[in-house]
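A.B. asks: Need the 3D shape of this:
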Amino acid sequence: MAKHGKKYMAALAKVNIDEQYMPLDAMNLVKETSFTKFDSTIEVHMRMGLDPRQADQQVRDVVVLPNGLGKKVRVAVFAQGEGAAAARAAGADIVVDDDETFSKIQGGWLEFDVSIATPDLMGKVGRLGRILGPRGLMPNPKAGTVVPAADIAKAIIEAKAGRVEFRLDKTANIHVQVGKASFPVDKLMENFSALMEAVKKARPSGAKGIYIRRITLAATMGPGIKVEPNAAQNMQAVE
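C.D. replies: Numbers count the residues shown, from 1 in each chain. Sure, this is the predicted structure:
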């Protein structure tokens, strides 16, 4: 078992590891047990009652968190002509409409957090799969990041405002950021509630039995705090 420092152990002492807390109590506790000198990220970890090997038990969707993530989101857009012009007008940080920038990304340059593409460029963007895929940066229609030129501005605005993709991983878990420890608890709860609503709506057709088995909240480097799953799925934005 890994050794933990004094700050972690002091934070852990405040948590009953056997208890499933009500959502608001858990969120207050996760803020209280955040001990890093920097502004910690608050994450939600969900253990799902799904089989990731089954095509009809996949979960992949997006949610726009009402209070964002508390960080600047750098957006790259793969578009040309009208789409590229719309992207620049909407505040895209990088517009990839030239071979030079495309080659830079192909070489491993990834100074952006979200990438959006128009359908006509996906054939070319597909060649970047080995670079973008492992980092979760590959544009995807299900994630709302492959859009026609007319919808580029909306996609950029949503990405910068706090649109977050969530997906089932190979171990049947979903991991999502919902804000920073410096956020007021009501803002974190609004984001948490929006996420839970989106996950419920994304329930796949092949799901059987218990959909969400366990929910844990944690701040960066902090201890995990268990949340009562039914309460989390039925909470209002602010309790």
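A.B. asks: residue contacts, the closest residue in space to residue 30 that isn't next to it in sequence?
C.D. replies: Closest residue in space to residue 30, ignoring its immediate chain neighbours: residue 217 at 4.5 Å, by Cβ to Cβ, 6 or more residues apart in numbering. The C-beta positions use only the backbone N, C-alpha and C, and glycine is treated the same way. Taking Cβ atoms under 8 Å, 6 or more residues apart in numbering, we find residue 217 in contact with 26, 27, 30, 42, 43, 44, 45, 192, 224, 225, 227.
A.B. asks: Which stretches in the protein count as helices?
C.D. replies: Along the chain, counting by DSSP state H, helices occupy 6-12, 23-32, 82-89, 99-106, 122-125, 129-132, 152-161, 185-201, 229-233.
A.B. asks: Quick one, which of those helices gets closest to residue 52.
C.D. replies: Nearest to residue 52, of all these, is helix 185-201, at 15.2 Å by Cβ to Cβ.
A.B. asks: Output the below-cut-off pLDDT ranges for this protein.
C.D. replies: 1-3, 236-239 (pLDDT under 70).
A.B. asks: mind running it again at 80?
C.D. replies: The model of the chain has pLDDT under 80 over residues 1-4, 236-239.
A.B. asks: Which parts of this structure belong to which domain?
C.D. replies: If you go by automatic domain parsing, the domain ranges for the chain are 6-69+163-233, 75-161.
A.B. asks: Show me which of the contacts of residue 217 are buried.
C.D. replies: For these, a burial check counting by 16 or more other Cβ atoms under 10 Å picks out 26, 27, 30, 42, 43, 44, 192, 224, 225, 227.
A.B. asks: Do I have it right that the fifth one meets residue 221?
C.D. replies: Translated: residue 43. No. Using Cβ atoms under 8 Å, residue 43 makes no contact with residue 221, being 10.9 Å away.
A.B. asks: how far out from the middle of the chain is stretch 104-115?
C.D. replies: Centroid separation for stretch 104-115 versus its chain: 19 Å, with Cα atoms, centre = their mean, to the nearest Å.
A.B. asks: Contacts for that stretch next, please.
C.D. replies: Under Cβ under 8 Å, 6+ apart, the answer for stretch 104-115 is 73-78, 93-94, 96, 125, 127-128, 131-132, 135, 137-139, 145, 159, 163.
A.B. asks: For the buried ones among these, write the corresponding ChimeraX selection.
C.D. replies: Command for ChimeraX that selects the buried part of the contacts of stretch 104-115, burial taken from 16+ other Cβ under 10 Å:
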select :73,74,75,76,77,78,93,94,96,125,128,131,132,137,138,139,145,159,163
